[in-house]
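J.: how would this look folded up:
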Amino acid sequence: MDKKVQVKQSLKEQLLEEEKLLQETGHLYGLTALELKERDPVTYEIAYNFLMSSCMDAMGIAKSISTSPVLREAGDGLFALATPTGDVITASHGVWGHLLIPPQVIKWAIRDGVEDDPGIQHGDIFEENFPKIGTMHPPDSYNFVPIMWEGELIGWGIGACHRVEVGAVTPGAMPEACDTYFGEGMAFLFDKVGRNDNLGREYHRKVENFCRLPSFWLMDARACTGGATLIRDRVTEFIGRYGIDYYKKVTREYIEDSRRMAQSRVKAQMVPGRIRKRSCRDVFMKGKKTLFEKQQVDWMAMVPWEMTVDKDANLSWSVAGASAALTIGVNAGTQSFLCAFSLVFGGMIAYERLNTGAFTIIGIKDVPDGSWANPYTVNPWAPTGCSWAFIMPSVAVGMEAVSRTFYARGYHEEVLAGGVQNGFHEGMGTGAHGMFTTLLNVEGVAGGLPGSAIRDGEDVAWGPYNPMSDTGNAEIYELMTPYIYLGRRTSVDTGGRGKYRGGHHMGSIWMWWYGDGAYSAADVGSRGIIPGNQGMFGSYPPPVTNCSWAKGDEIKKLVDQKKPLIHSKGDPLHLEMTKLTENEVELRVSAPIVLPIDMPQYSIVDVDYSGSAGVGDPMEREPALVKKDLDKGLVTTWAASKVWGVNVSYDKKKREYSVDHQGTVKAREELLAQRKQRGIPFKEWWRMERQKVMGKENMGEPVVRMLKESMALSPKYDDEVREFWQLPTDFTF
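T.: Numbering: from 1, shown residues only. All right, here's what the predicted structure looks like:
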């Protein structure tokens, strides 16, 4: 009797079938029922925790292998298990922004024919870090290890981390200086970089010749591959315990289950309708060092967020209004918004069983061609070396937008007023061991938790891309950077000011110690003027990230004379830095600095990062909370008086502040009276502002250009601007 031969589907066929089933049934893989969960929920949960803990163990193994403080100290990575077509089943703790990139990359590789050429075998290692395919920016590199069972691909073990050096035009990991991606470092397009569980010699040659610190890159590749291989081996153990059929079925149920959980939470906690927010990102480059003259421009960029929640708890995200792409590497291709989805939605809605399923209820639309959010349609070589620069403010306002719907449904504890705008710092010089090194300090990942509607945000304890963030040990950074630490502390007055303040960030003071070097402060949240998020319900925004420095020649004189240096920023209005020397002190530097500036030995850099946003009117803050912050040295008496209207005095013997409650009542009455005096009715304000719009008065060339670009690229946005300001049809900025 002839046996019926079952022909295995190709990966392309699997992918097409899965997409068809979702479209036809509204359920992932067509799973209208979760049979295994319903039949035996205990085994269902035990099995899931086995797979999830495998990813957690992979992160732990990788951190012990890596020699880079980016992964080892700050935990900037993620380890995941995926289906054959790339859907993430479960993942470790770490940078959630990595979660939705591997599915897109694997699906791209499948459509590109990876199954036929170069083929997929047990022991293979693939690598990808090319933004045009799906990665956020070049340092986010992903290693993929296929999981085979009896010759069939049944999944992928994935290891991701942020590399410390990428071989770009400028040293470090996040180049902004280029006008195309051709100078942004090494690129891997889901290349097969290893076989038989070993990274290939050709891969070593490429890294050794095109990266300034090849040892760090290679150790991170081994760390990611080691973690991914551990996941592969644990899956084999899982199949030995539960069987291959159970594995295939239950892993897909986990993903569909996550979709249902997310949709259920949206129905319970959010309000149907349209929620809109806007942020702007200043990128002021006039008078600064650039590679090309065309980059000598002061830009303002529109960062829009418009989310629609329908009656079925599906979400769509519009980017209408995004302004034009820039000629430096701060653009963020459409794929970058997957990271924003991961951070906003993963951190606030889909955290219970973190995988791909939850995000299938989100769609993106209205992405203007040629904007910073979709640059490749106009410039196929658009630079994206630091695409987080625009994604971070979109994450911040996105969190606030979601929080407003939470608040409307009574979920006040779940409110997050908006995340920090972290700045990372790069450069080069001689390290502690006398060897050339580039530096990437990612301590800024551990920012402040945003304020909620019932409490203050925690200080230096949270990052939007890594909720379990860690600043890392200063001593470890000193081993691989050209500087030593003179001070490190929670920064003063950096949290958003409100009834409940945002969490404070941190500040550091570094001295270039081992010789002359270079320094740049271009990355992510470094901005000169505009806060990334304004806060909620009347709060005042946190200050921007800023830095200042004093050049080494003057400082060396103090060292030789054994005079004191500085160990903290001091009062933000009277910086300690100014006491060091009357010469060569540059304060409140307007970032970005995309090309490294010289840092002679003994130079000191003082960095203050921006904190998170707050909630509510500062005049409603309990004076006792202001006193508590004063006693901890987290806020200044200036802020207590001018921002919160709290009258205090300091007792030197007790070393604590006391609140004058009657004086506070009077001070707040005066501040409120000043507000009323300044305030005008909305209609009057609208008429005054419309005159400015019509005459383009006091708007500044960067603002005018931004609005012109946004309206030209997005007809929908153009119509709304014209309608609001009642502009004539022939009006242009």
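J.: please, where are all the helices along the stretch 51-200 of the chain?
T.: Using DSSP state H, counting those that start in this stretch, the helices assigned to the stretch 51-200 of the chain run over residues 69-72, 101-111.
J.: got a list of contacts for the longest one?
T.: Counting by CB atoms under 8 Å, 6 or more residues apart in numbering, helix 101-111 makes contact with 11-12, 15, 80, 82, 85-88, 126, 128, 133-136, 140, 142, 144, 156, 158, 160, 190, 335, 338-339, 356, all of which sit outside it. For the C-beta atoms, the positions are set from N, CA and C on the backbone; glycine is no exception.
J.: now it: buried residues?
T.: Residues of helix 101-111 classed as buried: 101-110 (neighbour count, 16 or more other CB atoms under 10 Å).
J.: CSV for these, including distance to Glu165 and pLDDT?
T.: Formatted as CSV, the buried residues of helix 101-111 follow (distance: CB to CB, whole Å; pLDDT from 0 to 100):
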residue, distance to Glu165, pLDDT
Ile101, 20, 92
Pro102, 23, 93
Pro103, 27, 94
Gln104, 25, 93
Val105, 22, 95
Ile106, 26, 97
Lys107, 29, 96
Trp108, 26, 96
Ala109, 25, 97
Ile110, 31, 97
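J.: sorry, back to before: which of the contacts of helix 101-111 fall within strands?
T.: Under the assignment DSSP state E, the contacts of helix 101-111 contribute 80, 82, 88, 126, 128, 140, 142, 144, 156, 158, 160, 190 to strands.
J.: quick one: Glu127 from Arg404, how far?
T.: 41 Å (CB to CB, to the nearest Å).
J.: before we move on, back to that, compare the helices of the stretch 51-200 of the chain and give me the one nearest Lys499.
T.: The closest of the helices of the stretch 51-200 of the chain to Lys499 is helix 69-72. By CB to CB, the value is 36.6 Å.
J.: state the mean pLDDT of that closest one.
T.: Per-residue pLDDT over helix 69-72 has a mean of 87.
J.: again, but for stretch 379-394
T.: For stretch 379-394, the mean confidence score works out to 89.
J.: going forward can the numbers begin at 771, since that is how I track them
T.: In the new numbering, first residue 771, that becomes stretch 1149-1164.
J.: CA-only coordinates of that stretch in PDB, if you can.
T.: In PDB, the C-alpha atoms belonging to stretch 1149-1164 read as follows (Å, rounded to 0.1, in the frame of the first residue of the first chain):
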ATOM      1  CA  ASN A1149      17.000  59.300  -0.900                       C
ATOM      2  CA  PRO A1150      17.700  55.600  -1.100                       C
ATOM      3  CA  TRP A1151      20.900  56.100   0.800                       C
ATOM      4  CA  ALA A1152      19.500  58.200   3.600                       C
ATOM      5  CA  PRO A1153      21.600  58.200   6.800                       C
ATOM      6  CA  THR A1154      20.100  56.700   9.900                       C
ATOM      7  CA  GLY A1155      23.200  56.400  12.200                       C
ATOM      8  CA  CYS A1156      21.300  57.700  15.200                       C
ATOM      9  CA  SER A1157      17.600  57.200  14.300                       C
ATOM     10  CA  TRP A1158      16.800  57.100  18.000                       C
ATOM     11  CA  ALA A1159      17.100  60.900  17.900                       C
ATOM     12  CA  PHE A1160      13.500  61.200  16.500                       C
ATOM     13  CA  ILE A1161      12.100  57.900  17.800                       C
ATOM     14  CA  MET A1162      12.800  58.800  21.400                       C
ATOM     15  CA  PRO A1163      10.600  62.000  21.400                       C
ATOM     16  CA  SER A1164       7.900  60.000  19.600                       C
END
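J.: quick one: it to chain centroid distance?
T.: Relative to its chain's centre, stretch 1149-1164 lies at 12 Å (CA atoms, centre = their mean, to the nearest Å).
J.: and stretch 1005-1017, by the same measure?
T.: 36 Å.
J.: do you know the pLDDT at Thr860?
T.: 97.
J.: excluding residues flanking it in the chain, which one is nearest it?
T.: Nearest residue to Thr860 in three dimensions, chain neighbours excluded: Met822, at 4.5 Å (CB to CB, 6 or more residues apart in numbering).
J.: which residues does that neighbour contact?
T.: 860-862.
J.: then Phe1503?
T.: Contacts of Phe1503 by CB under 8 Å, 6+ apart are 1466, 1474-1475, 1477-1478, 1481.
J.: try 7 Å
T.: Going by CB atoms under 7 Å, 6 or more residues apart in numbering, Phe1503 touches 1466, 1474, 1477-1478, 1481.
J.: likewise Ile1161?
T.: By CB under 7 Å, 6+ apart, Ile1161 lies in contact with 1102, 1106, 1109-1110.
J.: filter the contacts of helix 871-881 to the buried ones?
T.: Neighbour counting with 16+ other CB under 10 Å marks 781-782, 785, 850, 852, 855-858, 896, 898, 903-906, 910, 912, 914, 926, 928, 930, 960, 1105, 1108-1109, 1126 as buried within these.
J.: how far away is Pro908 from Gly955?
T.: Between Pro908 and Gly955 the distance is 5 Å, computed by CB to CB.
J.: overlap in contacts, those two.
T.: What both Pro908 and Gly955 touch, as defined by CB under 7 Å, 6+ apart, is the set 936, 938.
J.: quick one: distance of stretch 1156-1167 to the chain centre.
T.: 6 Å.
J.: on that earlier part again, just put the buried residues of helix 871-881 in TSV and tack on distance to Asp1489.
T.: Shown next, in TSV, are the buried residues of helix 871-881 (distance: CB to CB, whole Å):
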residue	distance to Asp1489
Ile871	34
Pro872	38
Pro873	35
Gln874	32
Val875	36
Ile876	39
Lys877	35
Trp878	35
Ala879	40
Ile880	39
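J.: break this structure into its domains for me.
T.: Domain segmentation of the chain under automatic domain parsing yields 782-1030, 1039-1378, 1388-1448, 1452-1495.
J.: alright, that wraps it up for me.
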